[in-house]
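Participant: My questions are about this predicted structure, shown below with the sequence.
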Amino acid sequence: MKAVIKAFLFISIIALLSCGNKPQEAAGDPVQEESANAVLEREIDKIHMDAMEKMEEIQKIRRQLKTTLSDSVMTETGKAAIEKSIATLDSADKLMMDWMHKYNPLNDSIDGVEKAREYLENEMVKVKKLDAEMQEAIEKAKI
């Protein structure tokens, strides 16, 4: 069921991103700003797609850890380390899901180019941070 929900959310986000704004044919700086926003939005989308691939890896590692945890006879320290890794992976996964739910690029023509740019710049910081946290969780879980 979770996979279906995640797939639906992923497809919804891709659909929203693909409906991006097209530059207006008016002359002047607004076209350049709108283009800059479109470029920034594509960069965010690229990082997001990289992070989505990490989500698949997180789920794979989590399954492996849970199998190891249930199949192995190990010390309490070993169990605690695996449970901590699973919790870290879950946290990274949740960060991504939360960001995806909240991400909603502004419309340049409705909300204004500068306001849309500011929003995208803030989202770029967030998506880079969550991508780094996901990578860190993966690396720690593999140890």
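Facilitator: Perfect, thanks for sending it. Residues are numbered from 1 along each chain as shown.
Participant: in this protein, which ranges drop under the pLDDT threshold?
Facilitator: 1-34, 72, 143 (pLDDT under 70).
Participant: at 50 what do you get?
Facilitator: Residue ranges of the chain with pLDDT under 50: 4, 8, 20-27, 33-34.
Participant: Helices along that one, start to end?
Facilitator: 2-18, 29-71, 76-102, 108-111, 113-142 (DSSP state H).
Participant: Tell me what angle the longest one forms with helix 113-142.
Facilitator: Comparing the axes of helix 29-71 and helix 113-142 via axes from the mean of the first three to the mean of the last three C-alpha atoms, to 10 degrees yields an angle of 20 degrees.
Participant: Helix 29-71 - contacts with which helices or strands?
Facilitator: Packing contacts for helix 29-71, counted by 3 or more C-beta pairs under 8 Å, 6 or more residues apart in numbering; DSSP states H and E, involve helix 2-18, helix 76-102, helix 108-111, helix 113-142. Every C-beta, even on glycine, is put in place using the N, C-alpha and C of the backbone.
Participant: Alright, I will stop here.
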